[in-house]
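Novice: coordinates only, no sequence provided:
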């Protein structure tokens, strides 16, 4: 099957992405493994300047933009982490950036996008409403609407996670990966299935934002009228068609987790790992609290984001 994501580009990204985002810790958390009844390998993506994995894809994408010499105004939409990643990469290359975000977006993420030099415009009740407004602005002005998971280099940059994960000394039975727009699971899954097809690639969505799960399971484009979840980083209502295509032949299963399990997973990560995770960063652990097929197996999950406000920490942790 011909795939949009290039293995050669993923390998290239592993060499040229800003080293601050690469070669993150991955290890067996023994105490949490005992709680879950399996061997849990965690890959920690919160120990970088933006506290999320998104820096990998954004940095690779902007590096390729610079290589091509494209001078268009860049615009994106974000719940916060992708916007931070784009702002960080654009600042490094002195490229102006406009980010559209929801009026209900995490205020900490908004503040950090601004401090990284982005112009942040707030619009709509959720991420997809903000993205629609960003697209309208671009159609009127000719600016470049950069969509997470649509631009292939973003997914290829995220694929460096899979390259690193397979360097773990023992073979993995499964990798549980948060599924929002799909860049992380598409990139990781592309590398994993090419180099160790026996490893199950499992997406995890919030039960209150099931559009990607429904689309993957039905093989059709399914959008929802609203979302209801604390996991803003994976709160997708309108899937990206290109991303859905990228998941074909890559993803073995998609699971849904409720917010109460996600909060429990965040607390367990805090207790056993000493880490602050945002909800979307903890859904892989949440799925292991819910699902029994992984008992006794060696399972990896990416702790992909850790941006919480002080109020959220007090409430959830």
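Specialist: Cool, got the structure. Please read these numbers as outputs of a predicted model, since none were measured by experiment.
Novice: what about the helices in the protein?
Specialist: Per DSSP state H, the chain carries helices over the ranges 7-16, 30-36, 54-68, 81-92, 107-115, 127-141, 152-158, 160-165, 183-195, 211-218, 241-246, 259-273, 279-290, 310-316.
Novice: nearest to residue 100, of those helices?
Specialist: Closest of the helices of the chain to residue 100 is helix 127-141, at 3.8 Å (criterion: C-beta to C-beta). For the C-beta atoms, the positions are set from N, CA and C on the backbone; glycine is no exception.
Novice: domain map for this structure?
Specialist: The record's domain parsing of the chain by automatic domain parsing lists 7-49+155-316, 54-152.
Novice: turn these into a markdown table, columns for mean pLDDT, distance to residue 1 and mean neighbour count.
Specialist: As requested, those are exported to a markdown table (pLDDT from 0 to 100; distance: least, C-beta to C-beta, whole Å; neighbours: other C-beta atoms under 10 Å):
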| stretch | mean pLDDT | distance to residue 1 | mean neighbour count |
| --- | --- | --- | --- |
| domain 7-49+155-316 | 97 | 5 | 20 |
| domain 54-152 | 96 | 16 | 21 |
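Novice: mind listing what the closest residue to residue 205 other than its chain neighbours touches?
Specialist: Using C-beta to C-beta, 6 or more residues apart in numbering and skipping the chain neighbours, the partner closest in space to residue 205 is residue 213 (4.5 Å). Contacts here follow C-beta atoms under 8 Å, 6 or more residues apart in numbering; on that basis residue 213 touches 179, 203, 205, 254, 255, 256.
Novice: distance of residue 213 from residue 51?
Specialist: 26 Å (C-beta to C-beta, to the nearest Å).
Novice: same thing with residue 272?
Specialist: To residue 51, residue 272 is 19 Å away according to C-beta to C-beta.
Novice: ditto for residue 259
Specialist: Distance of residue 259 to residue 51, computed by C-beta to C-beta: 21 Å.
Novice: repeat for residue 211
Specialist: To residue 51, residue 211 is 25 Å away according to C-beta to C-beta.
Novice: residues contacting residue 193?
Specialist: By C-beta under 8 Å, 6+ apart, the contact set of residue 193 is 199, 201, 249, 250.
Novice: isn't the third one up against residue 1?
Specialist: This means residue 249. Yes - assessed by C-beta atoms under 8 Å, residue 249 is found in contact with residue 1 at 5.1 Å.
Novice: mind listing what the residue nearest the centre of the chain touches?
Specialist: Nearest to the mean C-alpha position of the chain, by C-alpha atoms, centre = their mean, lies residue 184 at 5.1 Å. By C-beta under 8 Å, 6+ apart, the contact list for residue 184 reads 53, 155, 158, 161, 177, 178, 302, 304.
Novice: and what of residue 286?
Specialist: 204, 257, 261, 262, 264, 265.
Novice: could the contacts of residue 184 be laid out in CSV, adding distance to residue 59?
Specialist: Compiled in CSV, the contacts of residue 184 are given as follows (distance: C-beta to C-beta, whole Å):
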residue, distance to residue 59
53, 11
155, 13
158, 11
161, 13
177, 20
178, 19
302, 17
304, 16
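Novice: OK, contacts around residue 266?
Specialist: 277, 278, 279, 282, 316, 317.
Novice: looks like residue 206 contacts residue 236 (just checking).
Specialist: No - applying C-beta under 8 Å as the test, residue 206 and residue 236 come out as separate, 9.1 Å apart.
Novice: give the residues shared as contacts by these two.
Specialist: Joint contacts of residue 206 and residue 236 (C-beta under 8 Å, 6+ apart) are residue 227.
Novice: end to end on stretch 236-256, go ahead and measure it.
Specialist: Stretch 236-256 has an end-to-end distance of 13 Å (C-alpha to C-alpha, to the nearest Å).
Novice: hmm, back to that, in TSV: the helices of the chain, plus distance to residue 296.
Specialist: Formatted as TSV, the helices of the chain follow (distance: least, C-beta to C-beta, whole Å):
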stretch	distance to residue 296
helix 7-16	31
helix 30-36	10
helix 54-68	31
helix 81-92	33
helix 107-115	38
helix 127-141	37
helix 152-158	29
helix 160-165	20
helix 183-195	21
helix 211-218	26
helix 241-246	31
helix 259-273	19
helix 279-290	12
helix 310-316	30
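Novice: of all those helices, which one is nearest residue 44?
Specialist: helix 259-273 (7.8 Å).
Novice: tell me how far the closest one lies from the chain's centre.
Specialist: Its chain's C-alpha centre and that of helix 259-273 lie 18 Å apart, by C-alpha atoms, centre = their mean, to the nearest Å.
Novice: do stretch 302-317 as well
Specialist: 16 Å.
Novice: what's the span of that stretch from first residue to last?
Specialist: Start and end residues of stretch 302-317 are separated by 19 Å (C-alpha to C-alpha).
Novice: again, but for stretch 104-118
Specialist: OK, stretch 104-118 end separation, C-alpha to C-alpha: 18 Å.
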